[in-house]
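> Dropping a prediction and its sequence here:
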2 protein chains.
Amino acid sequence: MSKSESFDLKDFLPYLLAQAAEQTSVEFQYFYKTKYGMLRTEWRVLFHLGRYGSMTAKEICDRARLHKTKVSRAVAALQDKRFLTREQQEKDRRHETLGLTRAGQLAYADLSQAAQRFDRKMVADFTPEEADVLRRCLIRIASL
Amino acid sequence: MSKSESFDLKDFLPYLLAQAAEQTSVEFQYFYKTKYGMLRTEWRVLFHLGRYGSMTAKEICDRARLHKTKVSRAVAALQDKRFLTREQQEKDRRHETLGLTRAGQLAYADLSQAAQRFDRKMVADFTPEEADVLRRCLIRIASL
DNA sequence: ATATATTAGTTGTTTTTGTAACTAACAAGC
DNA sequence: GCTTGTTAGTTACAAAAACAACTAATATAT
């Protein structure tokens, strides 16, 4: 049997990663999409503001590795939902400081707790060693 | 420090999976997109036909866990590129058997070898044990 | 035999994403 | 000052994905 015949998509890491990511993404969507009508980028932006406090869109782009147009649209959507407010900075009016409203903070608290429970539940399927290896491998791959 | 404050997106498995999948996907795109002008679904369909031989669109849907509209459009695109041909089955004219042309087989050979090299290069960043755990974890997560 | 349900596959419409071009504000060089 | 360049953010348009509705062929039940 030649090498090319024995090779299978099921062994191909990019394929496995895509399938695994898709699977968990669909499951976790229940929390931000069904409950809050958010898109994935919106949840990520909300998370960054909730976790690290007020910051500008640019800072979110850098920290979350998200393109500025995605962030721009997510911010607009979150503002529509009354989850965040913008405030233009006086000394440099190009910057606007983004901050969560009370409703935004509540959504963050709810979602981040759901995320923690979700994560713990996923990890529970593996031994601590496996979970540790998995996490480290993913971090390494993601930061190439 | 409360639990919710110590929790970070960077520790959240669905996030890590998405980032890792995105990263490898972008890299591997060079082969099927830049070289052959294919979309990801097209490459997957091509792969299934190249690897397992002629079959119907439905069989590809089932094996590749792909929605029928995606497969339908990928098949049409691959046909436009002269990579596959369709043949209606006589005993049930709803089915059409899809098969690769010579050009399709060459593209498959090229891409599947590129995939193998890509995979080996990724795995080389890890110990055999790590790679093994990673693969097994991903398979488990993907098949939930 | 004919009405009903299924199945394979396609097409159309709406969302979402990606990319590039744009505006507004500031900074630097001369 | 006034060009030129940069940066933050938005907008507009094109590519792609998601979802629903559709056609055609066959199978099933009465």
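Alright, I've got the coordinates.

> if I pick the closest residue to residue A:28 other than its chain neighbours, what's in contact with it?
Nearest residue to residue A:28, sequence neighbours excluded (CB to CB, 6 or more residues apart in numbering or on different chains): residue B:14, at 5.0 Å. C-beta here means a position set from N, CA and C on the backbone, and glycine is covered the same way. Applying CB atoms under 8 Å, 6 or more residues apart in numbering or on different chains to residue B:14 gives the contacts A:21, A:24-25, A:27-28, A:115, A:118-119, A:122.

> Nearest to DNA strand D, out of these: which one, please.
Proximity of the contacts of residue B:14 to DNA strand D, judged by CB to the nearest atom of the strand, is greatest for residue A:25, which lies at 9.1 Å.

> Tell me where chain A has strands.
With DSSP state E as the criterion, chain A has strands at A:55-56, A:84-88, A:96-100.

> Show me the one of these that comes nearest residue B:94.
Distance to residue B:94, taken as CB to CB, is lowest for strand A:84-88 among those, at 51.5 Å.

> okay, residue A:11: pLDDT?
Note on residue A:11: pLDDT of 89.

> ok, it - how many residues close by?
Per other CB atoms under 10 Å in any protein chain shown, the neighbour tally for residue A:11 reads 14.

> before we move on, what about residue A:129?
That count, for residue A:129 with other CB under 10 Å as the rule, works out to 10.

> residues in contact with it?
By CB under 8 Å, 6+ apart, the neighbours of residue A:129 are residue B:133.

> any idea how far it is from residue A:123?
As judged by CB to CB, to the nearest Å, residue A:129 and residue A:123 stand 11 Å apart.

> Check residue A:87 too.
39 Å.

> ok, and the closest non-adjacent residue to the spatially most central residue of chain A?
Per CA atoms, centre = their mean, the C-alpha nearest to the average position across chain A is that of residue A:44, at 4.0 Å. Ranked by CB to CB, 6+ apart and with sequence neighbours excluded, the top spatial neighbour of residue A:44 is residue A:64, at 5.4 Å.

> wait, that neighbour sits on residue A:42?
No: Residue A:64 lies out of contact with residue A:42 (CB atoms under 8 Å); the separation is 11.5 Å.

> Of those two, give the one with the bigger neighbour count.
Between residue A:64 and residue A:42, counted using other CB under 10 Å, residue A:42 has the larger neighbour count: 25 against 19.

> residues contacting the closest residue in space to the more buried one that isn't next to it in sequence?
Distances taken as CB to CB, 6+ apart place residue A:74 nearest to residue A:42, at 4.5 Å, with adjacent residues excluded. For residue A:74, the contacting residues are A:39, A:41-42, A:44-45, A:66, by CB under 8 Å, 6+ apart.

> again with residue A:15
The contact partners of residue A:15, by CB under 8 Å, 6+ apart, come to A:9, B:44.

> same deal with residue A:57?
By CB under 8 Å, 6+ apart, the neighbours of residue A:57 are A:68, A:71-72, A:75, A:96, A:98.

> Intersect the residues you listed with the contacts of DNA strand C.
When CB under 7 Å from any atom of the strand is applied, no member of the contacts of residue A:57 is adjacent to DNA strand C.

> which one of the residues you listed is nearest residue B:135?
The shortest approach to residue B:135 among the contacts of residue A:57 belongs to residue A:71, at 33.8 Å (CB to CB).

> Pretty sure that closest one sits against residue A:42.
No: using CB under 8 Å, residue A:71 is not in contact with residue A:42; the gap is 9.8 Å.

> thinking again about what came up before, emit the ChimeraX select command for whichever of the contacts of residue B:14 are buried.
Written as a ChimeraX command, the selection of buried residues from the contacts of residue B:14, which uses 16 or more other CB atoms under 10 Å in any protein chain shown, is:
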select /A:21,24,28,115,118,119,122
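
> now, the most widely separated pair of the contacts of residue B:14?
Pairwise across the contacts of residue B:14, and taking CB to CB, the largest span is found between A:21 and A:115, at 15.1 Å.

> For residue A:87 and residue A:123, work out which one has more neighbours and name it.
residue A:123 (16 against 11).

> Can I get the contacts of residue A:74 in JSON lines including distance to residue B:83 and pLDDT?
Formatted as JSON lines, the contacts of residue A:74 follow (distance: CB to CB, whole Å; pLDDT from 0 to 100):
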{"residue": "A:39", "distance to residue B:83": "34", "pLDDT": "97"}
{"residue": "A:41", "distance to residue B:83": "34", "pLDDT": "97"}
{"residue": "A:42", "distance to residue B:83": "39", "pLDDT": "98"}
{"residue": "A:44", "distance to residue B:83": "37", "pLDDT": "97"}
{"residue": "A:45", "distance to residue B:83": "41", "pLDDT": "98"}
{"residue": "A:66", "distance to residue B:83": "35", "pLDDT": "96"}
